[in-house]
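Undergrad: Following is a predicted model, sequence given first.
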Amino acid sequence: MIKRCNDFGAGGVSVAIGELADGLTINLDKVPKKYDGLDGTELAISESQERMAVVIDKDDIDKFTALANEENLEATVVAEVTSKNRLEMFWRGDKIVDLSRDFLNTNGVVQHAKAEINAVDDNSYRESVPEALRGMTNAEALKANLSRLEVCSQKGLVERFDSSIGAATVLMPYAGKYQLTPEDAMVAKVPLEKGETDTATVMSYGFIPKLSRWSPFHSAAFSVTESLAKLAAVGCDPSKARLTFQEYFERLGNAPERWGKPAAALLGALSAQLGYKTPSIGGKDSMSGSFNELDVPPTLVSFAVGMSEASKTVSAQFKKVGSTVKLLELPVDENSGLPDYEKAMALMMSVYEGIRSGKILAASVVKEGGAAACVCKMAFGNKHGFTFAQGLDSRTLFAPLQGSFVVELADKDAFDGVTLGTTNDNAVFIIDGVVHTCDDLIDEWTAKLERVFPTDSGKKAKMSADVPLYKERSIFVAKNKVARPRVFIPAFPGTNCEVDSARAFEKAGAEASILVINNLSSAAINETIDKMVKEIEQAQIVMLPGGFSGGDEPEGSGKFIATTFRNPRVSEAVTKLLNNRDGLMLGICNGFQALIKLGLVPYGEIVTTKPDDPTLTFNTIGRHISQMAYTRITSVKSPWFSSVNAGDVFAVPISHGEGRFMANDDVMKKLVENGQVATQYVNLDGEVCDDMPFNPNGSVCAVEGITSPDGRVLGKMGHSERKGNDLYANVPFEKDMKIFESGVGYYK
């Protein structure tokens, strides 16, 4: 049905649609718009990331529109493919654009320019100790190195992005029980709606800005090298990878020396592609990185993509105490200063094979900060210490020997290389007789960007009540037995966890039914209400999945879901499910926010909520947070926890901006007495915490989930539906609370 498609990015309507065919007639009056008053030019160039242009056969228009409507999407015919070989645009009956496709294919400019590539000096940035560290002892430089902007932690930035969506993440961005070792590559299973797979995709990148300032040519070649090496470091075959490039350069004008920078970078990248026999299959470039007298550094970032197996992926944090750690330096041609491509690929393959065979326990690729920064960051995740070998020179420790490897070995003699030292269990770093504690180095590494991208709110949660373990199982037993219970999962605009939730229930033995909530018109809303009522009447379980319904607007999350469920017909169907048919309800993240706004937790029924009722509000840190949270089972009163025991601790992915549970002292006391505090955030020792990172959102009494009085309605923030084999392998603890199996088992 779809012949071609394109998204609306930079350039807007004219570019997105204009790239689809040689001849097009566009009616700008038909283009859907958010704001009135736009003229033809503004409509033609306006961007909208929520739109996509597709080319379909005329005979498929009605069918395509109907399919789009089922997904709550607007589909509007705005253009027609013609044989004129021209791009025409009409606005209010006037033709305002009429361009030849031949002209458009030139991008409107002459396709040649003079480029002058300047020779580089002999002082390669890659081989040099950074200027900021020169003159320091190794012990002084070890600490100062970690606080450099090029090396310091970016955790506060990374946590703003959902790293576990899709229930396929093999490596979280930060590894170890303290989640402080940054990973070199993103690894995720291939997404499936049904079944299970071990096949995973791997993606990494390479680029050092200061090396590119020295030589765009060399930088591009080493960027490709770094990106491929990072694949090997997680156990992915680099020889089978493919590349894509992101290029960003200063405004070029007519200056040959400016044109020489992208020309050199592209030649360097081509050299690496030919040398490694690894093609680039895509890319994106921009030549507008200038503002007044400021220019961006010459930028060619290499991204490498490969295929691997989730079960054979290895993370970067040190695994054992007493391990030998070595630097495996990338072979470089002395004459050109470029990687010796054949030998470099052989090194990458040996690391890849060493990881697969278990000879290498952990690996990280050298970049800014050198081998010393790699060692530190590999140790931070589990707060291991490290004893550096005697006599190491500053180049070995601090030069950004891009593409080299730091490896933790199972057998110290397995690989030839420079011995950097051994891991220890004292949580101290010993270098040239000087001792640094692990915590001191972590503080140095994290402090630089803490004010810009904070990782700690500095606030303590209120711990208004002691919450003992509630070990009594619920006496409520389902009278209506069902071999394969049916689960109704509504997908609201902004919901993004419906498929993950359905997969979790179906793997547990249930039959899941997803309904896309359609709000494109009043008629569609009424039809959707009819469908919702019918679905609830046929279901034994109602699941409200996570996401950002209605973009978490207005003034808070979950309101759109709650408003819909307050519809009298829907509310009545829910009441009958719970009161007459032994029904269960589950709400995770956005679903929990809706349950609490409805009163289904903690009251077990839809009520008009009062100002002193429990609520979920913004995290104390004031931003979205994505990480693994350690949670304990505090109460097993709920049938949702029939497969676990009170006190069990799990690592569960969280991803929310409004997850802070709030309740006054009287409410908390009642919840505790009734066994309604289902789960709480804890530290590595299973102890309830009042501050970050272990209480990630600042919840009162560290509450992560609560239930209705009888336990049949459960709301929780942690994404327990994001589960599967070999997921989040770089963070310890059991991941699966068996919530879905328990819910299905309730009806057996």
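TA: Structure received. Model, not experiment: these values are computed from the prediction.
Undergrad: Pull out the buried positions in stretch 274-293.
TA: G275, Y276, T278, S280, G283, M287, G289 (16 or more other CB atoms under 10 Å). The C-beta positions use only the backbone N, C-alpha and C, and glycine is treated the same way.
Undergrad: and the gap between the second one and S404?
TA: Taken as CB to CB, to the nearest Å, the spacing of Y276 relative to S404 amounts to 16 Å.
Undergrad: same thing with the fifth one?
TA: With distances taken as CB to CB, G283 is found 26 Å from S404.
Undergrad: what's the answer for the last one, then?
TA: Distance of G289 to S404, given as CB to CB: 29 Å.
Undergrad: coming back round to it: just put the buried residues of stretch 274-293 in TSV and tack on distance to E334, secondary structure and pLDDT.
TA: Supplementary listing: these in TSV, determined by distance: CB to CB, whole Å; DSSP: H, G, I helix; E, B strand; the rest coil; pLDDT from 0 to 100:
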residue	distance to E334	secondary structure	pLDDT
G275	16	helix	98
Y276	19	helix	98
T278	23	coil	98
S280	27	strand	95
G283	31	strand	81
M287	34	coil	78
G289	33	coil	91
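Undergrad: helices and strands around the top strand by length along the chain, which ones?
TA: Longest strand of the chain, by residue count under DSSP state E: strand 299-309. Packing partners of strand 299-309 (3 or more CB pairs under 8 Å, 6 or more residues apart in numbering; DSSP states H and E): strand 199-206, helix 209-214, helix 216-233, strand 242-248, helix 256-276.
Undergrad: quick one, which of these is packed in tightest?
TA: Most buried of the helices and strands packed on strand 299-309 by mean neighbour count (mean count of other CB atoms under 10 Å) is helix 216-233; its value is a mean of 30.
Undergrad: Might you list the low-confidence residue ranges for the stretch 351-500 of the chain?
TA: Across the stretch 351-500 of the chain, residues meeting the criterion (pLDDT under 70) sit at 475.
Undergrad: so how far is whichever strand or helix holds A504 off the chain centroid?
TA: Counting by DSSP states H and E, the element that carries A504 is helix 498-507. Centre-to-centre, helix 498-507 and its host chain are 20 Å apart (CA atoms, centre = their mean, to the nearest Å).
Undergrad: Kindly report the same for stretch 629-645.
TA: So, by CA atoms, centre = their mean, the centroid of stretch 629-645 is 27 Å from its chain's centroid.
Undergrad: cool, and stretch 294-303?
TA: Its chain's C-alpha centre and that of stretch 294-303 lie 23 Å apart, by CA atoms, centre = their mean.
Undergrad: do the same with stretch 409-425
TA: In terms of CA atoms, centre = their mean, the centre of stretch 409-425 is found 32 Å from the chain centre.
Undergrad: how about it as PDB, C-alpha atoms only?
TA: Provided in PDB are the C-alpha atoms of stretch 409-425 (Å, rounded to 0.1, in the frame of the first residue of the first chain):
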ATOM      1  CA  LEU A 409      41.300 -10.700  32.000                       C
ATOM      2  CA  ALA A 410      40.200 -14.100  33.400                       C
ATOM      3  CA  ASP A 411      43.800 -15.200  32.800                       C
ATOM      4  CA  LYS A 412      46.500 -12.600  33.200                       C
ATOM      5  CA  ASP A 413      48.600 -14.300  30.400                       C
ATOM      6  CA  ALA A 414      45.800 -14.600  27.900                       C
ATOM      7  CA  PHE A 415      46.700 -11.300  26.000                       C
ATOM      8  CA  ASP A 416      49.800  -9.400  25.400                       C
ATOM      9  CA  GLY A 417      49.600  -5.800  26.400                       C
ATOM     10  CA  VAL A 418      50.700  -3.200  28.900                       C
ATOM     11  CA  THR A 419      49.700  -4.300  32.400                       C
ATOM     12  CA  LEU A 420      47.800  -1.400  34.000                       C
ATOM     13  CA  GLY A 421      47.300  -3.100  37.400                       C
ATOM     14  CA  THR A 422      44.800  -5.200  39.300                       C
ATOM     15  CA  THR A 423      41.400  -4.800  40.800                       C
ATOM     16  CA  ASN A 424      41.000  -4.700  44.600                       C
ATOM     17  CA  ASP A 425      38.200  -4.900  47.100                       C
END
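Undergrad: In PDB, please show the C-alpha coordinates belonging to whichever strand or helix holds A346.
TA: Using DSSP H and E, A346 sits within helix 341-357. This file holds the C-alpha atoms of helix 341-357, laid out as PDB (Å, rounded to 0.1, in the frame of the first residue of the first chain):
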ATOM      1  CA  TYR A 341      43.600  -1.300   9.400                       C
ATOM      2  CA  GLU A 342      44.400  -4.900   8.900                       C
ATOM      3  CA  LYS A 343      46.100  -5.300  12.300                       C
ATOM      4  CA  ALA A 344      43.500  -3.000  14.000                       C
ATOM      5  CA  MET A 345      40.700  -5.200  12.800                       C
ATOM      6  CA  ALA A 346      42.700  -8.300  14.000                       C
ATOM      7  CA  LEU A 347      42.900  -6.700  17.400                       C
ATOM      8  CA  MET A 348      39.200  -6.000  17.500                       C
ATOM      9  CA  MET A 349      38.400  -9.600  16.400                       C
ATOM     10  CA  SER A 350      40.700 -11.000  19.100                       C
ATOM     11  CA  VAL A 351      38.800  -8.900  21.800                       C
ATOM     12  CA  TYR A 352      35.500 -10.000  20.400                       C
ATOM     13  CA  GLU A 353      36.500 -13.600  20.400                       C
ATOM     14  CA  GLY A 354      38.100 -13.200  23.900                       C
ATOM     15  CA  ILE A 355      34.800 -11.900  25.200                       C
ATOM     16  CA  ARG A 356      32.800 -14.700  23.600                       C
ATOM     17  CA  SER A 357      35.200 -17.300  25.000                       C
END
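Undergrad: Right, I'll call it a day here.
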